[in-house]
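Asker: give me a model of this one.
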Amino acid sequence: MKAIRIEQFGGPQVMRVCDVEVPEPLAGEVLVKNFFVGINPVDYKIREPHCPEVKQDKLPLTLGREVAGLVEKVGQGVSDFKKGDRVFAMIGADGGYAEYSRVPAVHLAYIPQSLDWPVAAGVPLAGHTAWQALVEHGQIEQGQKVLIHGGTGGVGHFAVQFAKVKGAEVYATASTDSLPFLRELGADRAIDYKTERFEDICKEFDLVIDLIGGDTQARSWQVLGEGGRLVSTLTMPDASHPQAAGKTGARFTAAPRGEELTEIAGLIEAGNVQVYLAKVFELEAAVQALDYLANEHVHGKVVLHISD
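Answerer: Modelled structure (predicted):
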């Protein structure tokens with residue numbers, strides 16, 4: 001089968017289209033024939049490498065962590081899925097950019113019939129990340145005020161919509177030309193980070209979701225009220241910051257969970273959440289796809305087409 005592999009860390013030049021054997025599912029696993037797969041910033045962070053969870057001993061590996069396709073084969077002990085089922089999943093740090101992927105059955109969910117392949121491929125990792133940021137780590141509640149930094153990307157555009165589903169008042173930051181998209185997602189206030197200071201607008205907020213890091217994260221402490229939470233997917237917020245007293249910071253890495261993905265799929269099928277696709281690339285153009293994701297103001301998700 002074809003797969004995009006890296007044998008060493010580095011820039012785009014380390015990515016290779018390789019022919020490798022189709023893997024066999026182990027006990028508790030499912031072999032998925034991929035139709036489309038999602039790409040995410042973590043993919044080029046793993047490649048470069050700027051992902052602490054993936055070190056030299058993991059090489060060589062196949063990039064990619066979101067898959068959507070048909071069940072090809074099930075391993076011993078798997079009874080919830082069968083050959084031909086439409087499924088999607090977030091997977092580990094090895095195996096997405098390929099014609100077939102091995103996936104633990106507990107990480108899989110059925111794709112709603114209303115979702116086509118490219119849309120489904122854009123959901124799992126980004127959806128899990130946004131959901132866990134808000135629900136598990138942010139402990140979001142109805143009526144709370146939430147600020148989301150980077151509200152138009154893969155994770156951000158889900159976070160804005162999930163927060164609205166949960167009944168929050170949602171403020172989000174983006175560049176000038178992305179403000180209409182934020183409003184389309186349902187943001188109550190779209191903040192232009194180029195011309196406005198979010199800390200002048202947001203006061204006594206309950207939760208900040210940080211998808212940007214750096215100075216943006218540090219400045220976010222001051223918008224939180226007593227007991228507020230600052231949740232980041234990037235770096236651990238500095239609890240020693242002068243304005244962090246009485247507030248909580250958290251940094252996390254999303255985990256794949258089939259039941260959670262099923263819940264997210266239900267929101268999408270019901271029309272409460274939309275999945276926005278920015279662009280579709282062919283598998284062989286994975287280098288260009290990652291470059292596009294890293295350097296453009298992407299609205300929503302970017303995916304790779306694997307097979308029909």
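Asker: now do the SS call for residue 3.
Answerer: strand (DSSP: H, G, I helix; E, B strand; the rest coil).
Asker: the closest residue to it other than its chain neighbours: what's it in contact with?
Answerer: Leaving out its chain neighbours, the residue that sits closest to residue 3 by C-beta to C-beta, 6 or more residues apart in numbering is residue 98, at 3.7 Å. (C-beta placed from N, C-alpha, C; glycine too.) Neighbouring residues of residue 98 by C-beta atoms under 8 Å, 6 or more residues apart in numbering: 1-4, 20, 34, 37, 62, 64, 306.
Asker: just residue 19 next, same as before
Answerer: So residue 19 contacts 1-3 (C-beta under 8 Å, 6+ apart).
Asker: out of these, who's the most crowded?
Answerer: Neighbour tally across those (other C-beta atoms under 10 Å): the maximum, 25 neighbours, falls on residue 3.
Asker: so that residue touches residue 101, yeah?
Answerer: No - when contacts are counted by C-beta atoms under 8 Å, residue 3 is not listed as touching residue 101 (9.2 Å).
Asker: nearest the middle, which residue of the chain would you pick?
Answerer: Taking C-alpha atoms, centre = their mean, the centroid of the chain lies closest to residue 126, which sits 1.9 Å from it.
Asker: is it in a helix, a strand, or coil?
Answerer: Once three-state DSSP is applied, residue 126 turns out helix.
Asker: next one, pLDDT for it please.
Answerer: pLDDT recorded at residue 126 is 97.
Asker: walk me through the domains of the protein.
Answerer: 2-123+275-305, 127-251 (automatic domain parsing).
Asker: so what's the gap between the first one and the chain middle?
Answerer: Spelled out, it's domain 2-123+275-305. 12 Å (C-alpha atoms, centre = their mean, to the nearest Å).
Asker: and the end-to-end length of it?
Answerer: Its start and end residues considered, domain 2-123+275-305 measures 12 Å (C-alpha to C-alpha, to the nearest Å).
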